[in-house]
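>>> Here's a sequence, model it:
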Amino acid sequence: MIASRPRLGFLGLGWIGLDRMKAILASGTVEVAGFVDPAPEAAGQAHGLAPGARQLSSLEDLLALGLDGLVVATPNALHAAQSLAALRAGVAVFCQKPLGRTAEEVREVVSAAREADRLLGVDLSYRWTEGMQRLRDLVRTGTLGRVHALDLVFHNAYGPDKPWFYDRRLAGGGCVMDLGIHLVDLALWLLDFPKVHAVGSHLFAGGEPLAPDSERVEDYAAATLELDSGAVVRLACSWRLHAGRDAVIAAEVYGSRGGAAFRNIDGSFYDFVTEHFSGTTGRTMTVPPDRWGGRAACDWARRLARGGRHDPESERLVDVAEVLDRIYRR
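Next comes the predicted model:
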């Protein structure tokens, strides 16, 4: 039985690892036992947040502390193996996306969580915005009627600043793995994970179409998902698109009785407005501010503190990964 304040380890303390540490500690549900990150600045900030935490040199050293949970925020290529090691040691895991570079990797981690009966979470953070929660309510309550179309986009004007993102072997892919994963997850989550009948995709790098066996990673992608319900999902994502703003992020849902849209404001990565449409009229449902970034991590930590074990909902992570594989034509 896990104590009321689970002992966590943090593996990787870049900006997102530190941000999630702050959020989880602010929830008052855990204590940080140790962390691994060689950067002196990251270590200094971690000690400022959790003075009693031990700085260690490896995952093995972290697991030797007798942790209840591990937060993984390392490069993509390490996620699956590190999550597997923790789960097989009886430690719950909260991992940055993607959980694995392929559906095979994700399936193995989810299976390990099931077999170990340990709580597994992945930081698919846009689900936790107030706007997406309200949009999902519109879909689930039937307010929009029979949903037949979803359009989702995520364009980032800058692209990642770390070289490993551009190495297919290390990252698993380009903008689809980085940004498109959120779009696929949101589309399936909004509709309660319907079966995906067909997937079509077009991947580009520097404006040139990519062959399926290319070693380059895509910086623009467009995909269409055909669902068994007959609904169609259109996705587009990119790095360094000439869009005239920092980011374009949107999810639009159309049904037989109405429509709804979740959109970023003035190119922001963090501020969104959500609207409900009927014909030519619209009603605003949510506006900023909304401090949503750490909600997924905090929810995982709270469930862990309540003794949470394997959640069958984590099996849905495989559904998302399988769609990504099909977008990559793997």
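>>> and residue 254, bridged to which residues?
For residue 254, the beta-bridge partners are residue 149, residue 259 (DSSP bridges).
>>> tell me the contacts of it?
By C-beta atoms under 8 Å, 6 or more residues apart in numbering, the contact set of residue 254 is 144, 147-150. No exception for glycine: its C-beta is placed from N, CA and C like everyone else's.
>>> residue furthest from the geometric center of the protein?
Most distant residue from the mean C-alpha position of the chain: residue 280, 33.4 Å away (C-alpha atoms, centre = their mean).
>>> The strand or helix carrying residue 238 packs against which elements?
Using DSSP states H and E, residue 238 falls within strand 232-239. Strand 232-239 sits against strand 147-156, helix 175, helix 181-190, strand 220-227, with contacts defined as 3 or more C-beta pairs under 8 Å, 6 or more residues apart in numbering; DSSP states H and E.
>>> Flag every buried residue along the last one.
Residues 220-223, 225, 227 are the ones in strand 220-227 that count as buried (16 or more other C-beta atoms under 10 Å).
>>> ok so, going back, need the contacts of residue 254 in CSV (columns: pLDDT, distance to residue 39 and neighbour count).
As requested, the contacts of residue 254 are exported to CSV (pLDDT from 0 to 100; distance: C-beta to C-beta, whole Å; neighbours: other C-beta atoms under 10 Å):
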residue, pLDDT, distance to residue 39, neighbour count
144, 98, 47, 22
147, 98, 45, 25
148, 98, 49, 15
149, 98, 45, 13
150, 98, 40, 24
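>>> For residue 286, give the beta-bridge partners.
Taking DSSP bridges as the rule, residue 286 bridges to residue 274.
>>> isn't it right up against residue 274?
Yes. Residue 286 is within contact range of residue 274, at 4.3 Å (criterion: C-beta atoms under 8 Å).
>>> Show me which of those two is the more surrounded one.
Each of residue 286 and residue 274 has its neighbours counted (other C-beta atoms under 10 Å); residue 274 has more, 23 against 17.
>>> surely the more buried one meets residue 282?
No. Using C-beta under 8 Å, residue 274 makes no contact with residue 282, being 10.4 Å away.
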